[in-house]
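In: Whatever this is, show me its structure:
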Amino acid sequence: MKSAKKILSLSIIALILMQSVAAFGAVTPAVPERTALSVEQATKKAITNSSSIKNAVDSESLGDETIRKATDSLSTATTGAALVGAEIGLMSAEMNRALNLQDIDAQKENVEYQITKYFNSILSAEKDVALFDESIEIVKKNLAIAKLKLSLGMISQLDYNTAALDHEKVVNARQTKLSAIDAAYRDLNSYMGEDLDKRFDLQLELKFKEVGTINLNSYADKFVKDSLTIKQVENGVKLAEYSVDNYRTPYNPMTGEVIDSAAVRSYDELVVSQNQALRGLADTKKLVRNAVIATYNGLQDMEIGIKLSEIDIEKAKMQLVVMEKMLELGQVTGLEVTMLKYDIHSKELALEKSKNTHTLTLMAFSNPNLLISVGGSSQDKDKE
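Out: Prediction:
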């Protein structure tokens, strides 16, 4: 009997050695080399690929021509109404050109912000995968323990099946996260105009900083003053007011008869348009101010949550010191210590994500044109 057991043991060892040699000799698929990519480099690629920025640059290149034509129309106007119309056309052309230059810069800032968000999303997801790897090792050990307990009749088949399903669930969750990373890379590459299958060594450093105490009214007023969205609406108000203040009854210069046409707006119609423009301006200013206040409140709430998370992690680390002493005394198992370490890593990653979200929000809070566009579809415009 002893001889048979010895032969069996030697056979198992030989089998393990054969598998090890086979694994060592197997050809490992080559991992594609990843090129380092900074936010600045990615931003340049995305700006070059942006159709909306290209359109804005094209419009700017025609700025002189547009203003020249508006000036020609002004010089050839033969009636009071035509003169006012030409003046409005020239005012509109000049204001649009001034805003267009600012809009190009604002779009570039928005592209950099979106790139930063892409980088953060991908890097966070990759850390999630590493955390899943830790979790899988734990559930594997739990599954092995459950298998042993099942063989000893200490648990039911249902208990073992539950442990097996837990293992399968974590493995599938890890695969889902990998698929999400692939999708995020495709989105990033599409945004930059790169091959969809490219992968990069993304370089990103986000530094957490508290928002601090500010005079919210003064800060909101500055945002209202600097916001391109508001400047655009203000230009519309200026044109509407000019149309009302300089209204001239349209008439045919050949016959002297008043023109009554659906194509010509009456004074009452212009007044209504002016009132609507003024209400639109008031609503837009309110929107910007509310966005500033809500974002500031959100930043402060995040900072409280971050402090609470830091305290929670410190408590868990103190508990780990105690458990490691208990492990030396045989009062807890190694698996219990491993599970606590995993819990700490999970909390640390969640804290890092919270800090990064806070940093990105603070970036938007520091830029009036980013704050309003963050919730919009500016990122999606250039994905097409």
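In: When you work out contacts or count neighbours from here on, use the C-alpha atoms and nothing else.
Out: Will do.
In: Please work out which residues outside stretch 162-180 touch it.
Out: For stretch 162-180, the surrounding residues in contact (Cα atoms under 8 Å, 6 or more residues apart in numbering) are 125-126, 128-129, 132-133, 135-136, 139-140, 142-143, 146.
In: can we see that at 7 Å?
Out: Contact partners of stretch 162-180, identified using Cα atoms under 7 Å, 6 or more residues apart in numbering, comprise 125, 129, 132, 136, 139-140, 143, 146.
In: between those residues, which is nearest residue 239?
Out: Nearest to residue 239 among the contacts of stretch 162-180 is residue 125, at 49.4 Å by Cα to Cα.
In: Go ahead and confirm that closest one touches residue 183.
Out: No: judged on Cα atoms under 7 Å, residue 125 makes no contact with residue 183 at a distance of 11.3 Å.
In: Beyond the one helix or strand residue 41 maps to, next helix or strand please.
Out: In the assignment (DSSP states H and E), residue 41 maps to helix 39-49. Of the helices and strands lying after helix 39-49 in sequence (DSSP H and E), the nearest is helix 51-61.
In: circling back: what's the closest of the contacts of stretch 162-180 to residue 297?
Out: Closest to residue 297, out of all of the contacts of stretch 162-180 and judged by Cα to Cα, is residue 125, at 27.2 Å.
In: so where does the closest one fall, helix or strand?
Out: helix 80-151.
In: what's the model's confidence in the next helix or strand along the chain from that helix, averaged?
Out: Per DSSP H and E, the first helix or strand lying C-terminal to helix 80-151 is helix 157-192. Averaged over helix 157-192, pLDDT sits at 96.
In: All the strands of the stretch 151-300 of the chain, in order from the start?
Out: Under the criterion DSSP state E, counting those that start in this stretch, the stretch 151-300 of the chain contains strands at 200-203.
In: what about it, any weak spots by pLDDT?
Out: Within the stretch 151-300 of the chain, the segments meeting pLDDT under 70 span 249-264.
In: nearest residue to residue 281 other than its sequence neighbours?
Out: residue 233 (5.8 Å; Cα to Cα, 6 or more residues apart in numbering).
In: from memory the one you found sits against residue 279, does it?
Out: No: under the criterion of Cα under 7 Å, residue 233 makes no contact with residue 279, lying 10.2 Å away.
In: More neighbours: these two, which one.
Out: residue 233 (17 against 13; other Cα atoms under 10 Å).
In: how close does the more buried one sit to residue 239?
Out: In this structure, residue 233 and residue 239 are 10 Å apart, going by Cα to Cα, to the nearest Å.
In: Quick check: can you list the domain ranges of the chain?
Out: 35-205, 209-375 (automatic domain parsing).
In: so how far does the longest one reach from one end to the other?
Out: Length of domain 35-205, first residue to last, Cα to Cα: 17 Å.
In: number of nearby residues for residue 313?
Out: 19.
In: residues contacting it?
Out: For residue 313, the contact set (Cα under 7 Å, 6+ apart) comprises 344, 347.
In: Now it: which helix or strand?
Out: helix 267-328.
In: Following the chain onward from that helix, which element is next?
Out: Next element after helix 267-328 (DSSP H and E): helix 334-365.
In: What helices and strands are in contact with that next one?
Out: Applying 3 or more Cα pairs under 7 Å, 6 or more residues apart in numbering; DSSP states H and E, one finds that helix 334-365 contacts helix 80-151, helix 267-328, helix 368-373.
In: Point out the most buried one among those.
Out: Scoring the helices and strands packed on helix 334-365 by mean neighbour count under mean count of other Cα atoms under 10 Å gives helix 368-373 as the most buried, with a mean of 21.
In: average model confidence for it?
Out: For helix 368-373, the mean per-residue pLDDT is 74.
In: Also stretch 118-128?
Out: 97.
In: what residues does it touch?
Out: By Cα under 7 Å, 6+ apart, stretch 118-128 touches 177, 181, 184, 188, 202, 204.
In: what's around the fourth one, how many residues?
Out: Neighbour count for residue 188, taken as other Cα under 10 Å: 25.
In: give me every residue that touches it.
Out: When contacts are counted by Cα under 7 Å, 6+ apart, residue 188 touches residue 118.
In: ok, it to residue 194 distance?
Out: Going from residue 188 to residue 194 by Cα to Cα gives 8 Å.
In: Could you do the first one as well?
Out: Separation of residue 177 from residue 194 (Cα to Cα) stands at 22 Å.
In: next one: the fifth one
Out: As for residue 202, its distance to residue 194 is 15 Å (criterion: Cα to Cα).
In: The last one too?
Out: For residue 204, the distance to residue 194 (Cα to Cα) stands at 19 Å.
In: May I have the residues that are in contact with the nearest residue to residue 203 once chain neighbours are set aside?
Out: Excluding the flanking residues, the one nearest residue 203 by Cα to Cα, 6+ apart is residue 38, at 4.8 Å. Counting by Cα under 7 Å, 6+ apart, residue 38 touches 202-204.
In: Quick one: closest of the helices and strands packed on helix 334-365 to residue 246.
Out: Nearest of the helices and strands packed on helix 334-365 (Cα to Cα): helix 80-151, 6.7 Å.
In: tell me the pLDDT at the residue nearest to residue 347 when sequence neighbours are not counted?
Out: Distances taken as Cα to Cα, 6+ apart place residue 313 nearest to residue 347, at 6.7 Å, with adjacent residues excluded. On pLDDT, residue 313 comes in at 98.
In: Could you tell me how many residues sit around residue 205?
Out: Close neighbours of residue 205, defined as other Cα under 10 Å, add up to 12.
In: gap between it and residue 280?
Out: Counting by Cα to Cα, the gap from residue 205 to residue 280 is 40 Å.
In: which residues does residue 73 contact?
Out: So residue 73 contacts residue 86 (Cα under 7 Å, 6+ apart).
In: what about it, is that helix, strand or coil?
Out: State at residue 73, reduced to three classes by DSSP: H, G, I helix; E, B strand; the rest coil: helix.
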